[in-house]
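>>> missing the sequence, but the structure's below:
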């Protein structure tokens, strides 16, 4: 297990397939364009073949030149064709190990193994592709090396602990298919229209129909319009309602499809060494997060789903989750399902004893005036220049802005207790953030000109891997908050954070 | 002008809401030089514009260049002094406080126990005036790096040593 290893040989084939995929479109473009007259199909095939051969050769060479070594204290990866690079990542610094199986590698039983160090996005260590068993073994090894450094370093049979581990895992949260569909219905999305727009543009390039020709559409619309006009008002209204219903159906279907693809078989388990999350229908991912790496919690929700009591829980940590800032650990759950996960992570949910403080009323008034002022300005412009009656639209928006801000004040709250800080905010539904006082890194009191005049401030805490802010806090209270949080922070050094009691 | 390297770990119970320590007076001068350098291209642009529309005689001569000059002078003479007054720091036994901002006031405190690494930088202008910028980095996303410009160069180095010493003491 110790010498330099190569990734799975099938990776070469996958690399070659990738180059074919990227060669297809240029080849088609050449075939349909005027380049080379009659011989253009030959040229297209030639270009396609050449890029496939070169791509395969490169893929093979890259595979030959990439080796990884599992050392006593670190993982080392050497790679590069001409300019070589050698990277070493100590086990101590690995935030989490994730296995990702995209559809194609999955057919071959391969996974991409990623080691998150929190060094930021693209700089993390990734091995594409290892076999399932290799990936799982590597992950197990990393976990053991890090946790009980020397004792298990000589562990000859890593297979036994895996079994023991798997049995000990306790399922904290799972999304059964029915729940998944309900979740999908709330994930209403019209993204499909953006995709259609992109396809249209593509069609524009390869066909003769000029999609962006306004006259073409206008004449078509006029044709249809006169047909609609001849139907009479009731039929028109019915048509509009049907169109709206159609949109809703499309949006919900998109939501369900996307959610099922992403979260199929969502399982969160808690083992002796941390949390483990598996999800995905086509692209299957499998992430392990050590408990002590969780820096804070975010409990989000949506405007509609909040009314039905659904929330989503994410862990804030230095590692990133497929582009997102935090790891989603319970995307769609009731609060009583979230509570055990929160306590497993060593945090506490706010309860009846939590003393919430609201944002200052001056802040509420200022926000409402500020947002309404923009629309009020538009109202004046519309009243002066636009056709009569049109000014009612921005006027209505101004009234709505005031209402929304007054309502948002209901959710803008913060609290502090012996171990944690809490903040909640949002326009029509609250997003709650919870962080451990000890795991904060700095405290800032920020005030704009208006805030200084009216005596409130934003308190910003430095949270590793996320944001934590309390808005509209009265100045004296902000200072008191800062003083007490700083006492906690200064008591423990950064290097002792991991061992510190929760 | 000689700022004594006074990193006195004053009474640990220092209040974070006190008036902060002022920066090195040369910081205001350095700000002026920087603003002047920024203003020069705009002045040249204004003169070119003057020359270009001279024949058309649409507006009185010197209006554009004059306006730009007045704004530049205000920015060079008045604003740096106010920015200098708005900035400050406070260092105590276990934390550093940095205050900045003319319109948007920001008041940050970083405990030494959370400092990841420390930089002392000097650009050519700062070198000329004998001042330096101290930057401390934390692991938090917000305030990942907090910089404190306008310290006397020896003071900046002493502060770096003091903070570093504190980190080492805590970890041993």
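Received the coordinates, thanks. Quick caveat: nothing in here was measured; it's all calculated off a predicted structure.
>>> mind listing what the residue of chain B found nearest chain A touches?
Using CB to the nearest CB, the closest approach of chain B to chain A is made by residue B:140 at 2.4 Å. From N, CA and C alone the C-beta is placed, and that goes for glycine too. By CB atoms under 8 Å, 6 or more residues apart in numbering or on different chains, the contact list for residue B:140 reads A:440-442, A:461-464, B:114.
>>> what helix or strand is it on?
Using DSSP states H and E, residue B:140 sits within no helix or strand.
>>> Now it: closest residue in space that isn't a chain neighbour?
residue A:462 (2.4 Å; CB to CB, 6 or more residues apart in numbering or on different chains).
>>> hey, what's the one you found bridged with?
Residue A:462 forms beta bridges with residue A:467, as assigned by DSSP bridges.
>>> so which strand or helix has residue B:110?
strand B:105-111.
>>> what does that strand rub up against?
With CB under 8 Å, 6+ apart as the criterion, strand B:105-111 contacts A:441-447, A:452, A:462, A:482, A:486, A:489-490, B:16, B:86, B:94-100, B:136, B:138, B:143, B:146.
>>> Surely residue A:4 touches residue A:66?
No - using CB atoms under 8 Å as the test, residue A:4 is too far from residue A:66 to be in contact (9.7 Å).
>>> any shared contact partners between the two?
Taking CB under 8 Å, 6+ apart as the contact rule, residue A:4 and residue A:66 both touch residue A:78.
>>> neighbour count winner among the two?
With neighbours defined as other CB atoms under 10 Å in any protein chain shown, residue A:4 and residue A:66 compare such that residue A:66 has more, 19 against 12.
>>> Grab the nearest non-local neighbour of that one.
Residue A:66's closest residue in space is residue A:79 (CB to CB, 6+ apart), at 4.3 Å.
>>> Equivalent analysis for residue A:93, please.
Closest to residue A:93 by CB to CB, 6+ apart is residue A:117, at 5.2 Å.
>>> ok, that neighbour touching residue A:124?
Yes - using CB under 8 Å, residue A:117 is in contact with residue A:124, at 5.9 Å.
>>> residues contacting residue A:267?
A:171, A:173-175, A:277-279.
>>> Name the strands paired with the strand holding residue B:110 and say parallel or antiparallel.
Going by DSSP bridges, the partners of strand B:105-111 are strand A:440-447 (antiparallel), strand B:95-100 (antiparallel).
>>> what's the single longest helix in the chain?
This is for chain A. Counting by DSSP state H, the longest helix found in chain A is helix A:233-263.
>>> I was after chain B.
Chain B, longest helix under DSSP H: helix B:26-52.
>>> That helix - what's its average pLDDT?
Average pLDDT, helix B:26-52: 91.
>>> quick one: contacts of the following helix or strand past it?
Going down the chain from helix B:26-52, the next helix or strand is helix B:63-86, by DSSP H and E. Applying CB under 8 Å, 6+ apart, the external contacts of helix B:63-86 come out as B:22-23, B:25, B:27-29, B:31-32, B:35-36, B:39, B:42-43, B:45-47, B:49-50, B:99-102, B:105, B:150.
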